[in-house]
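K.L.:
Output the structure for:
(chains A and B)
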Amino acid sequence: MNPRAYRRFKSHVMVGLMGVAVLVAVLPLLAILVSLTLKGASSLSLAFFTNTPVPAGETGGGVLHAIVGTLMIVGIASLIGVPIGIGAGIYCAEYPASRLAGITRFVSDVLNGTPSIVVGVFVWTVVVAQQKHFSAFAGSIALAILMIPMVTRTTEELIKLVPVSLREAALALGYPRWRTSLTIVLRTALPGIVTGALLSVARAAGETAPLLFTALGSQYLSFNPDQPMAALPLVVFTYASGPYEEWHQLAWATALVLILVVFLLSVAARLATRQRFSSNG
Amino acid sequence: MTAPTKSSAVHQAPDPTSGLLGTSRADQFFKGLLTLAALLIPLLLLALFYELAHGSAPAIAEFGLKFLTDDVWDPVAEIYGAWPLLFGTLLTSFIALVLAVPLSLGVAIYLTEFAPEFIRKPVAMLIELLAAIPSVVYGLWGIFVLIPILRSTVFPFFRDTLGFLPFFDGPIYGPSVLSASLILTIMIMPFIMSVSRSVLLAVPNSQREASLALGATRWEAVRTVIVPYARSGIIGAIILGLGRALGETMAVTMLIGNRHEISASLFAPGYTMAAVIANEFSEAGTTLHIASLTYVALLLFVVTVIVNAGARLLIWRVGRKSGG
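P.N.:
Numbers count the residues shown, from 1 in each chain, chains lettered A, B, ... in the order given. Predicted structure coming up:
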């Protein structure tokens, strides 16, 4: 084989290998989705959504308590985390050269990679240990701490896409800065910011580790954020680690519901941006 | 990057009209609110560090740095040593990186350089969905699907063919260091892939064209021009993946078998730092037990902060290079 043909041959082999890598990478995703659908769907029923758990060993029972719990815990977390994240993001975009913006940007990136279990320990120390009891509210704080840096970074990135001319036009017309920021810049960037917020909500909804010793989990339907509360990921963990076959069935069904929630949020997030920013690629 | 910097000079100049219109106070209030939000994030980092250090003070006083090297963890006798945890965390993350890096780089390069246009976006989206799957679902799948396959076919095969190595010797358990490492591989792969893909996309087309014009094959263009150009960003992506692997909790807790022991065999159960916190924290009875677990959390926090900060610095370097 002459050198040129050898080089071409090698190129083809390497490209082929990388194509194989794609197949290997996509395989586990398909495997997970297939097992979730097969094992989860068979346990889904109306009762699954409307009932609370039955004693171990009995069949039936549902996860209404965990659906309510996830909605409440993640809802409160979003109310805390999203505004703070957006505020910090606006600051970084509006005063990009300031020292604080540089620090905040960098620390956000670092916090984004902090293990969620560490945040759980932190919230246990500052909230649960002080109050002397577990509560859904403590879980919300833990999730909010995970959401803030994510929302900050996406908000900043999207505000930076707003053309400077737009901002300058508003200022030139005599708009004060706060109105320019809120009604011109923020509004233009809004679809993207919604995307960022929804993605962070999706991530928070799937988090288990920070809830283990904050919200703790519960077997009962509860609407009181000052008490321990169940959440879908906690239910999956408890039922998957338990010894009963019925529990395993419920774990699969709950995981299917959880993943549908997370995927719907992610898809909604992407759709929110597509309409406005599609021209920018 | 440069445009907003320029505009900020415009914004920060004194605004002559604001005083006349009586809005400067509103502006100050608005800026104050934003500053508060932005300040909160660095404060959060400091608070995390302070509270974890404060909470682990009893354990630090009792065990000091010996905590890192002692291998007995006995809540009954109140003796705590974290070496098996450190070892388990490092080992599972190392195996996961060794397996995930070539795969995810292969996918990232294929998707940015070679794949037909119509499969680029769908595959990239599919793999990002993989990143959105909650950790506990990976754990569930690991327990009921992955482990049975590993225990019945894959592990025996390894033992029969590679059993002369101590890593692949000994009794086969389902939950084990190797099972946990494999689930970690699946979990960090989409992450490394999507970051390195965005780094590769930032390589200017002129670089590709120049190398192809000089007669390089497409693979040679990748190996000699594109990857070297993006090198620090790719290394950053790998380190970010490492950070993920080190702190990953639920799936590992469910698959590693949770035993405070170090074994040469990868088929044996082990433990990680994150997993021990998840398992023992809510049941810890004594002050020293809680403090020791907080000490573990502090160590994990410090390590991941260093790892992530390093990765970010590397990734930013690529961003600046292609920006300027």
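
K.L.:
what ranges of chain A fall below the confidence cut-off?
P.N.:
A:1, A:57, A:274-281 (pLDDT under 70).

K.L.:
where exactly do the helices run in it?
P.N.:
A:3-35, A:41, A:46-50, A:64-94, A:99-112, A:116-123, A:129-131, A:136-160, A:164-172, A:177-179, A:186-205, A:232-241, A:245-277 (DSSP state H).

K.L.:
does stretch B:280-291 come close to chain A?
P.N.:
Yes. Shown here: stretch B:280-291 in contact with chain A (Cβ under 8 Å from any Cβ of the partner chain) through B:281-282. In short, each C-beta sits where N, CA and C put it, glycine included.

K.L.:
ditto for stretch B:30-46
P.N.:
Yes. Using Cβ under 8 Å from any Cβ, we find that stretch B:30-46 touches chain A at B:30-31, B:33-42, B:44-45.

K.L.:
Quick one: distance of the longest helix seen in chain B to the chain centre.
P.N.:
Counting by DSSP H, the longest helix found in chain B is helix B:287-323. Distance, stretch centre to chain centre, for helix B:287-323: 9 Å (Cα atoms, centre = their mean, to the nearest Å).

K.L.:
now the angle between helix A:116-123 and it, please.
P.N.:
130 degrees (axes from the mean of the first three to the mean of the last three Cα atoms, to 10 degrees).

K.L.:
Next, the angle helix A:99-112 makes with helix B:287-323.
P.N.:
Between the axes of helix B:287-323 and helix A:99-112, defined by the same axes, to 10 degrees, the angle is 120 degrees.

K.L.:
got the contact list for the residue nearest to residue B:102 when sequence neighbours are not counted?
P.N.:
Residue nearest to residue B:102 in three dimensions, not counting chain neighbours: residue A:21, with 7.4 Å by Cβ to Cβ, 6 or more residues apart in numbering or on different chains. Applying Cβ atoms under 8 Å, 6 or more residues apart in numbering or on different chains, we find residue A:21 in contact with B:102-104, B:106-107, B:110.

K.L.:
Selection in ChimeraX covering whichever of these are buried, please.
P.N.:
Under the burial definition 16 or more other Cβ atoms under 10 Å in any protein chain shown, those of the contacts of residue A:21 that qualify are selected in ChimeraX by:
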select /B:103,104,106,107,110
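
K.L.:
Grab the two from the contacts of residue A:21 that are most spread out in space.
P.N.:
B:102 and B:110 (12.1 Å; Cβ to Cβ).

K.L.:
how close does residue B:158 sit to chain A?
P.N.:
To chain A, residue B:158 is 18 Å away according to Cβ to the nearest Cβ, to the nearest Å.

K.L.:
Tell me if I'm right that that residue and residue B:169 touch.
P.N.:
No. Using Cβ atoms under 8 Å, residue B:158 is not in contact with residue B:169, being 9.8 Å away.

K.L.:
Mind checking which of these two has more residues around it?
P.N.:
Shown here are residue B:158 and residue B:169; by other Cβ atoms under 10 Å in any protein chain shown, residue B:158 has more neighbours (19 against 16).

K.L.:
What strand or helix carries the more buried one?
P.N.:
Mapping residue B:158 onto the secondary structure by DSSP states H and E places it in helix B:155-162.

K.L.:
Can you verify my assumption that residue A:116 contacts residue A:206?
P.N.:
No. Using Cβ under 8 Å, residue A:116 and residue A:206 do not qualify as a contacting pair, with a distance of 10.1 Å.

K.L.:
if we can go back for a sec, adding pLDDT and secondary structure as columns, could you present the contacts of residue A:21 in TSV?
P.N.:
Shown next, in TSV, are the contacts of residue A:21 (pLDDT from 0 to 100; DSSP: H, G, I helix; E, B strand; the rest coil):
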residue	pLDDT	secondary structure
B:102	94	helix
B:103	93	helix
B:104	94	helix
B:106	93	helix
B:107	93	helix
B:110	94	helix
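
K.L.:
Save the contacts of residue A:21 as TSV, and put in distance to residue B:278 too.
P.N.:
Below are the contacts of residue A:21 laid out as TSV (distance: Cβ to Cβ, whole Å):
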residue	distance to residue B:278
B:102	30
B:103	27
B:104	26
B:106	33
B:107	30
B:110	36
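
K.L.:
which of the contacts of residue A:21 lies closest to residue A:107?
P.N.:
Using Cβ to Cβ, these come closest to residue A:107 at residue B:104, 26.6 Å.

K.L.:
and the closest residue to chain B within the stretch 51-200 of chain A, how many neighbours does it have?
P.N.:
With Cβ to the nearest Cβ, the shortest gap between the stretch 51-200 of chain A and chain B falls at residue A:115, namely 2.6 Å. By the criterion of other Cβ under 10 Å, residue A:115 has 24 neighbours.

K.L.:
go on, residue A:182?
P.N.:
Using other Cβ under 10 Å, residue A:182 is surrounded by 13 other residues.

K.L.:
which residues sit in contact with it?
P.N.:
Applying Cβ under 8 Å, 6+ apart, no residues contact residue A:182.

K.L.:
ok, now the one 3 residues further on?
P.N.:
Taking Cβ under 8 Å, 6+ apart as the contact definition, residue A:185 lies against A:90, A:93-94, A:159, A:162, A:166-167.

K.L.:
One more: residue A:258?
P.N.:
A:205-206, A:232-233, A:236, B:134, B:136-137.

K.L.:
For these, which single residue is the most surrounded?
P.N.:
residue A:236 (31 neighbours).

K.L.:
measure that residue to residue B:305 for me?
P.N.:
Going from residue A:236 to residue B:305 by Cβ to Cβ, to the nearest Å gives 29 Å.

K.L.:
and if you look at residue B:115?
P.N.:
Residue B:115 is 36 Å from residue B:305, by Cβ to Cβ.

K.L.:
What strand or helix carries the residue nearest the centre of chain B?
P.N.:
What sits nearest the mean C-alpha location of chain B, by Cα atoms, centre = their mean, is residue B:244, with 1.7 Å. For residue B:244, the host element (DSSP H and E) is helix B:231-247.

K.L.:
Pull out the buried positions in that helix.
P.N.:
B:232-247.

K.L.:
repeat for stretch B:310-320
P.N.:
B:310-312, B:314-316, B:318.

K.L.:
Alpha carbons only: can I get that stretch in CSV?
P.N.:
Coordinates of each C-alpha in stretch B:310-320 appear next as CSV, following Å, rounded to 0.1, in the frame of the first residue of the first chain:
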residue,chain,number,x,y,z
GLY,B,310,-9.0,24.5,37.3
ALA,B,311,-11.3,23.2,34.6
ARG,B,312,-13.0,26.6,34.2
LEU,B,313,-9.7,28.5,33.8
LEU,B,314,-8.7,26.1,31.0
ILE,B,315,-12.0,26.4,29.2
TRP,B,316,-12.0,30.2,29.4
ARG,B,317,-8.5,30.2,27.9
VAL,B,318,-9.9,28.6,24.7
GLY,B,319,-12.9,31.0,24.7
ARG,B,320,-10.5,34.0,24.8
